[in-house]
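Participant: sequence-free structure coming up:
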């Protein structure tokens with residue numbers, strides 16, 4: 001079963017988001033120790049933070065640094081405290097807490113209740129101060145719904161659930177949806193929509209080609225039932241979405257892959273995953 005944080009990443013559960021990029025997400029803790037208490041997570045579900053590959057662990061901390069600067073600028077405090085407990089939710093995460101005294105980071109303290117309006121105000125204020133930009137839509141920063149502003153179709157979630165893409169490692173497929181402008185997207189507009197770096201490399205691949213090793217009965221999965229699930233996913237996307245294309249974003253060793261097509265209402269929907277290529 002996906003962790004509660006993975007369900008936030010997928011858009012299944014709401015959150016007060018403050019920053020996001022292709023691999024990371026930051027949002028307010030709904031049971032905070034102090035106002036402005038933020039959680040920073042990798043979007044890839046992994047239980048123990050120190051099981052992350054070294055480059056991913058480093059990237060998580062660099063992202064957390066950007067968010068911490070936003071918290072410090074938006075919430076009056078002396079310092080931003082950093083903590084990793086690892087016993088609460090089975091999904092790696094970093095706590096960022098605005099501190100006036102060392103007691104503010106004592107996890108034995110009772111949690112505080114912050115009204116929803118104040119949570120939205122805090123999230124929007126922090127997002128506006130994140131170093132280099134929050135990666136969130138300006139109209140959605142601080143709101144509880146997913147930052148993409150689009151709901152993932154339930155049938156798409158069902159098709160994707162439990163599937164992993166095998167490259168030199170394996171990575172889960174995540175159903176996604178984005179409220180995108182009409183017409184053909186430029187690479188620059190696409191990268192902004194996905195929360196990827198503006199200078200990232202983009203390559204396109206046809207969906208059937210991208211999934212060929214996973215839909216073949218004798219492919220990399222070694223499991224006909226799983227191959228049939230990939231065939232069903234491929235058929236579903238081609239039937240329900242227009243102009244399906246796979247976008248490979250970035251360069252090795254890790255590449256973010258987005259398989260996206262247009263729904264009838266213009267929303268971009270599909271799945272994303274991570275490829276390891278050395």
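Facilitator: Looks like it came in fine. These numbers were taken from a predicted model, which means no experiment stands behind them. Numbers count the residues shown, from 1 in each chain.
Participant: from the chain's centroid, how far away is stretch 56-75?
Facilitator: 15 Å (C-alpha atoms, centre = their mean, to the nearest Å).
Participant: for it, which positions count as buried?
Facilitator: Neighbour-count burial for stretch 56-75, with 16 or more other C-beta atoms under 10 Å as criterion, is recorded at 56, 59-60, 63-64, 66-72, 74-75. For every residue, glycine as well, the C-beta is placed using N, CA and C.
Participant: can you name the residues in contact with it?
Facilitator: The contact list for stretch 56-75 (C-beta atoms under 8 Å, 6 or more residues apart in numbering) reads 18-19, 21, 23-24, 26, 35-36, 38, 40, 42, 44, 49-50, 52, 77, 79-80, 82, 92, 94, 96, 98, 122, 125-132, 134, 254.
Participant: again with stretch 194-207
Facilitator: Here stretch 194-207 makes contact (C-beta under 8 Å, 6+ apart) with 20-22, 135-136, 178, 187-188, 190-192, 234, 237-238, 244-251, 256, 258-259.
Participant: helices of the stretch 51-200 of the chain, residue ranges please.
Facilitator: Applying DSSP state H, counting those that start in this stretch to the stretch 51-200 of the chain gives helices spanning 54-74, 116-129, 154-160, 187-194.
Participant: for residue 169, which of those helices is the nearest?
Facilitator: helix 54-74 (11.0 Å; C-beta to C-beta).
Participant: and the helices of the stretch 51-200 of the chain: which comes nearest residue 218?
Facilitator: Among the helices of the stretch 51-200 of the chain, helix 154-160 comes nearest to residue 218, with 22.4 Å by C-beta to C-beta.
Participant: residue 252 should be in a strand, yeah?
Facilitator: No. Counting by DSSP: H, G, I helix; E, B strand; the rest coil, residue 252 falls outside a strand, being coil.
Participant: now the closest residue to it other than its chain neighbours: how far from residue 168?
Facilitator: Using C-beta to C-beta, 6 or more residues apart in numbering and skipping the chain neighbours, the partner closest in space to residue 252 is residue 277 (4.3 Å). Relative to residue 168, residue 277 is positioned 6 Å away (C-beta to C-beta, to the nearest Å).
Participant: ok, now residue 41?
Facilitator: From residue 41 across to residue 168, the span is 24 Å (C-beta to C-beta).
Participant: who's more crowded, these two?
Facilitator: residue 41 (26 against 11; other C-beta atoms under 10 Å).
Participant: what do residue 277 and residue 168 both touch?
Facilitator: Both residue 277 and residue 168 are contacted by residue 253, under the criterion C-beta under 8 Å, 6+ apart.
Participant: other SSEs contacting the lowest-mean-pLDDT helix or strand in the chain?
Facilitator: Least confident helix or strand, the chain: strand 170-172 with a mean of 81, by mean pLDDT, DSSP states H and E. Here strand 170-172 touches strand 164-166, strand 268-276, going by 3 or more C-beta pairs under 8 Å, 6 or more residues apart in numbering; DSSP states H and E.
Participant: good, wrapping up.
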